[in-house]
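Student: Here's my sequence, what's the structure:
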Amino acid sequence: MSQSRSPQARPSPAARHAAAVRRLCRADRRLAQLIRRIGPYCPTLTRDPFRALVGSVIHQQVSMSAAAAIQRRLRAACGGRVTPAALLCLDGEALRALGLSRQKAEYVRNVADAFSSRQLTAARLRRMTDEEVIAATTAIRGVGRWTAEMLLIFCLERPDVWPVDDFGLRTAVGRFLGLSETPPPSAIRDVADPWRPYRSYATWYLWRSLQGPVAPRIDG
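Tutor: Have a look, this model is predicted:
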């Protein structure tokens with residue numbers, strides 16, 4: 001009588017990261033040098049999609065230090081944990097007092113509304129493809145493609161995201177390629193094709209080439 005096979009265990013995050021990095025090093029010698037200089041792949045992840053989206057909105061067009069300060073104040077105002085219900089208890093004036101612009105105060109409340117009404121849920125987002133996640137989240141006023149891509153990288157851990165609209169990434173790519181000016185999104189759209197299906201990893205390493213020991217993060 002034949003025996004049924006036990007299901008294979010999913011590789012650990014460390015094993016997946018190591019496989020991705022090996023693939024990138026084989027694909028591009030210059031990128032391999034960058035990876036060796038920076039060291040292990042270790043992004044700061046935010047497991048909760050709601051907090052990840054709120055964090056991404058806060059990080060739009062402000063410095064990392066300013067965003068971190070706003071997030072600390074928001075956590076305190078929410079009683080230590082940012083949830084849809086807690087955030088919706090803060091009106092626009094209260095959110096602006098924390099350092100959010102009028103527009104961003106509206107946007108984070110829109111995100112909270114979407115999760116409070118269960119228009120979006122963590123489980124549903126994790127079942128979606130990358131483009132489905134982008135479509136579902138950008139349907140919320142105030143959430144653009146960049147914000148959705150940060151969710152994919154720093155929360156859902158999708159391996160093949162290439163956020164060409166990110167100024168930091170374009171700056172890093174320009175330096176990596178030895179360009180005299182920061183390239184526009186259209187100029188780098190195909191640069192990472194040899195790095196598929198691990199462009200998220202390449203993105204993180206390129207960010208780190210600018211940030212030094214400080215890695216991009218969106219934690220809420």
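Student: And the residue nearest the centre of this structure?
Tutor: The centroid of the chain falls nearest to residue 150 when counting by Cα atoms, centre = their mean (2.3 Å).
Student: pLDDT on the helix or strand containing residue 114, on average?
Tutor: Mapping residue 114 onto the secondary structure by DSSP states H and E places it in helix 102-116. pLDDT averaged over helix 102-116 equals 98, rounded to a whole number.
Student: and the next helix or strand after that helix, what does it pack onto?
Tutor: With elements assigned by DSSP H and E, the helix or strand that comes after helix 102-116 is helix 122-127. Counting contacts by 3 or more Cβ pairs under 8 Å, 6 or more residues apart in numbering; DSSP states H and E, helix 122-127 packs against helix 49-59, helix 130-138. C-beta coordinates here come from the backbone N, C-alpha and C atoms, glycine included.
Student: most tightly surrounded among those helices?
Tutor: Mean neighbour count, computed with mean count of other Cβ atoms under 10 Å, is highest for helix 49-59 among the helices and strands packed on helix 122-127, reaching a mean of 26.
Student: what does it contact?
Tutor: Under the criterion Cβ atoms under 8 Å, 6 or more residues apart in numbering, residues 46, 67, 70-71, 74, 82-84, 87, 100, 104, 107-108, 111-112, 115, 120, 122, 125-126, 137, 142-143, 146-147, 150-151, 154-156, 217-220 lie in contact with helix 49-59.
Student: give me that answer again for 7 Å
Tutor: Under the criterion Cβ atoms under 7 Å, 6 or more residues apart in numbering, residues 46, 67, 70-71, 82, 84, 104, 107-108, 111, 115, 122, 125, 137, 142-143, 147, 150-151, 154-155, 218-220 lie in contact with helix 49-59.
Student: And the closest residue to residue 78 other than its chain neighbours, how far from residue 190?
Tutor: Closest residue to residue 78 in three dimensions, ignoring its sequence neighbours and counting by Cβ to Cβ, 6 or more residues apart in numbering: residue 86, at 3.8 Å. Counting by Cβ to Cβ, to the nearest Å, the gap between residue 86 and residue 190 amounts to 43 Å.
Student: Please report how far the closest residue to residue 105 other than its chain neighbours lies from residue 163.
Tutor: Once its chain neighbours are removed from consideration, residue 105 has its nearest residue in residue 95; the separation is 3.7 Å (Cβ to Cβ, 6+ apart). From residue 95 over to residue 163 the distance is 26 Å, taken as Cβ to Cβ.
Student: any chance you could map the helices in this structure?
Tutor: Along the chain, the stretches classed as helices by DSSP state H are 13-27, 29-38, 49-59, 64-77, 84-88, 92-97, 102-116, 122-127, 130-138, 145-154, 167-176, 185-188, 199-211.
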